[in-house]
Structures are given as structure tokens and as C-alpha cells.
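A.B. asks: Okay, predicted coordinates and the sequence, questions at the end:
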Amino acid sequence: MQIQLTEADKAYLARIRRTIHAKPELAFEEYETSALIQAELAASGIEVQTGFAGTGVVGILRGAADGPVIGLRADMDALPVAEQTGAAFSSTRAGVMHACGHDAHTAMLLTAARILARQRADWHGTVKFIFQPAEEMRAGGKKLIADGALRDPDIDCVYGFHVWPDLPAGVIGLRHGALMASMDAFEVVLTGIGGHGAAPHQGIDAMVGGAHLITALQSIAGRETDPLDAVVVSVGEMSAGRGSNIIAEQARILGNIRTVRPQTRRQVLAAFERIVGGVAAAFRLRHEIRYTADYPVTFNHDSHVDFARTAFQTAFGAESVRLLEQPSMASEDFAYYLEQVPGAFMFLGVGDGAGGSYKLHHECFLPSETALYHGVAAYLALVANGAAQAA
């Protein structure tokens, strides 16, 4: 099976990527993106299924003969970021941008689907193209799975990529076991008694308690876990108070906890709850804890990492693959897929010293389309290698 892109394929990828990039949509609001995906899949003669997590789309393509059912997944939501790339196809929607590369993910998978449809006589098995909403902090993958996207036909394995600025363009990063961390987002509300700033003893100051809590939470990673074990406790937002001379009745603290081992995750969550309760009691405050997300560890299956490594080295050469020593402490809801079926998540290098080298979620992050050609070819290599084994 041919895995090289034609000039027409490259032009198609650019058109789709730029269209999606210019019209970004936030989590669970990807209506135009979903409609575009459905139309493009149908135009390639691919069966289209909808009704998954609201805007999710699944395409089903059968090859020349029976074989494995391979799931390939791309996410399609954008972020509340004001774009500063200066690209001709910059976001036309104020304060919303594809700052995490999901426009690239969707464009790469649609291009791979188009090529595979054109070459369906050359490979065996079935491919399910999974276009998922709401990866960014909303766990759209969990909802999509609950809605049956992995069934009928049931997939045997699943693969996905994330564009990765820390790897050079043309290199794919793989890792056995934990690739990305779990993520537990939290909200803590501390409630005291408001009062006049001139008489603090007559109130119970939630802001002071909140400040102590932020400091105390850092002892979890610094003093309660093995220094060789990866743990991050981050507080990203605190809101409290209504004026410079008013004792704050309430403080609201938001953040997240990330780990790469299930046992450590349990220990850290227990320590977090104990410290929140202890600080609240010490400052005479009532407290509430709410968890708003619970992404598991993105844990790759060894045999599928090896399968992907062989496929990529065969197609692109040994230098195209890099085995990563350490996991990333970022999180991904592809973890939910890997809890259901075996597979692997991978990093597609887009670092180029220009727009592809800005960090994810940066207002200037913009991978080049040349780097994305390699991602399309990598999808094709996975299917071709699976077809060869089936034959």
C-alpha cells in the first residue's frame, strides 16, 4: 500500500487544516467542524455515524478483505486563547484558537481517511476514524465511549497522535507504559465570616486560610512522596474578597493534581483531602472539595508500542522513532480509550524553530503543514502494517 502523499493530498490537508483553524470551536460546541468532517467522510465514500458525545463523528471504512478493526482517533476542540500567530488563516473568532493543534489532528486523520478510501483494494481489515469533541478538560472521550463509539464493529486496537513541539519535525515519540499523567482537577471552597478590615478578630478570614492552604499543598510533592516519583500539585486560580477593607468570607481555589502511578495517585488524593481539612480546621473555616475531572494515566500497551515502532521504522527509517525515557506530566483523555482496548498514544514531532516550536496552549503555536504530512503517513503506516499481518 502506498503511504506517500500526493501533491493533491498535501493540498487537501492544507485546505482542511486552514478551514478548521480559522473557525475554532470550544468543547462540545464543534458543530461546524463536525459538519465538515461528516461531509468530507461521505465524499470519500466512508460510512458516517453520529450521535456520540453531541458533536462526535465516527467514520467506518472496510478494506478488501476481513482483518483487524483499527481505531484511529483525532480530537477537534479549540481553546479560549486569543491567537497571535499572524497567519493568513488565523482564527476569525475573538478569544478562541486552536492553540493545542487539534485542527492539525483532525486534518491529518481526514486526509488519511481520504487516502485509505482511495486505496481500499490494497489493505485488509476495517478502520474506524474517531473524531472526538471536548478533549480539553471536559473528558469528551469518556462520553464518546459511553455512547458506543468503540462498538459496532468493536475495535481491536486504537491509536492516536498529539503534535509535540518538544520533538523535531519528522520524529515520532513512543513510550512503553505511562506516556502521560493522570489529572484530577479540584475546586476548594473555604467559608468563614466576613467583617470589617479594622476588626479582623470579629470575622473569620477565608483569604488568609486560602493563602496558607496554597503553600501547604506544595508539601505533598515536596515532603510526602518519593522524590523519584512524578507528582505535580498546581493551584492555577484563587478568588476571594470584595474590597480592600472587608474580611473575605469565602475563598475559592482551583487547581489540579497529576501523577503517573495509580498507587501514588491514591496516596496524593488522600493527602490532599487531609491537608485541606486540616488547614480549614486550623483557621476555623468550613470547606468543600469538588473534583471536576479525573483523567487516568495514559498507559500504552507494550505490544502496540512495538507494533507502531516497527511500522514507522519500516516506513520511514530507524531515525524516525524516538523512545522517550520520561512521561509527560500533561494529561490526555485518550487514556479512557486505552482502558477499554489495547493500543498506543504517540507524540508527533512538529518542532521547527518557528511556529511549531512554541509550547502547547501558546497563542503563537502553529505547526507547519509540512510536519503534518508525516502524521498522515504514520496513520497509513499503521494500517498498512496491520493489513500485512492480517494477510
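C.D. replies: Structure received.
A.B. asks: okay, and the helix or strand of the protein with the least pLDDT?
C.D. replies: Of all the helices and strands that make up the chain, the one with the lowest confidence by mean pLDDT, DSSP states H and E is helix 369-390; it has a mean of 88.
A.B. asks: helices or strands next to that helix in the packing?
C.D. replies: If you count contacts as 3 or more C-beta pairs under 8 Å, 6 or more residues apart in numbering; DSSP states H and E, helix 369-390 packs onto helix 7-22, strand 69-75, helix 102-118, strand 157-168, helix 302-316, strand 343-351. For every residue, glycine as well, the C-beta is placed using N, CA and C.
A.B. asks: Save these as TSV, and put in mean neighbour count too.
C.D. replies: Written out in TSV, the entries for these read as follows (neighbours: other C-beta atoms under 10 Å):
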stretch	mean neighbour count
helix 7-22	18
strand 69-75	25
helix 102-118	25
strand 157-168	22
helix 302-316	18
strand 343-351	25
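A.B. asks: just so I know, which of the ones you listed lies nearest V260?
C.D. replies: Put simply, out of the helices and strands packed on helix 369-390 the one that sits nearest V260 is strand 343-351, at 13.7 Å, with distance taken as C-beta to C-beta.
A.B. asks: Give me the average confidence score over the closest one.
C.D. replies: Averaged across strand 343-351, the pLDDT comes to 98.
A.B. asks: Below-threshold pLDDT in the chain: ranges please.
C.D. replies: Counting by pLDDT under 70, the chain shows low-confidence ranges at 387-391.
A.B. asks: What separation is there between the residue most central in space within it and S303?
C.D. replies: Taking C-alpha atoms, centre = their mean, the centroid of the chain lies closest to E332, which sits 3.7 Å from it. Using C-beta to C-beta, to the nearest Å, one gets 20 Å for the distance from E332 to S303.
A.B. asks: so where do the helices sit in this structure?
C.D. replies: Shown for the chain, the helices assigned by DSSP state H span residues 7-22, 31-43, 102-118, 140-146, 206-223, 262-282, 302-316, 334-340, 369-390.
A.B. asks: Counting neighbours, what do you get for R93?
C.D. replies: Here the neighbour count serves as a burial measure; for R93 (other C-beta atoms under 10 Å) it reads 15.
A.B. asks: surely it meets P24?
C.D. replies: Yes - distance between R93 and P24: 5.9 Å, which falls inside the contact criterion (C-beta atoms under 8 Å).
A.B. asks: Ok, which of the helices and strands packed on helix 369-390 comes nearest Y379?
C.D. replies: Taking C-beta to C-beta, helix 102-118 is the member of the helices and strands packed on helix 369-390 nearest to Y379, at 3.8 Å.
A.B. asks: Just want the angle from the closest one to helix 7-22.
C.D. replies: 150 degrees (axes from the mean of the first three to the mean of the last three C-alpha atoms, to 10 degrees).
A.B. asks: Can I get helix 102-118 in CSV, CA atoms only?
C.D. replies: As requested, C-alpha coordinates have been extracted for helix 102-118 and formatted as CSV (Å, rounded to 0.1, in the frame of the first residue of the first chain):
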residue,chain,number,x,y,z
HIS,A,102,-6.5,19.8,17.3
ASP,A,103,-7.1,21.4,13.9
ALA,A,104,-4.0,19.5,12.8
HIS,A,105,-5.1,16.3,14.4
THR,A,106,-8.5,16.4,12.6
ALA,A,107,-6.9,17.4,9.2
MET,A,108,-4.4,14.6,9.4
LEU,A,109,-7.0,12.0,10.1
LEU,A,110,-9.4,13.2,7.4
THR,A,111,-6.5,13.2,4.9
ALA,A,112,-5.5,9.6,5.9
ALA,A,113,-9.2,8.6,5.6
ARG,A,114,-9.4,10.0,2.1
ILE,A,115,-6.2,8.2,1.0
LEU,A,116,-7.3,4.9,2.6
ALA,A,117,-10.6,5.1,0.9
ARG,A,118,-8.9,5.6,-2.4
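A.B. asks: I appreciate the help and will end here.
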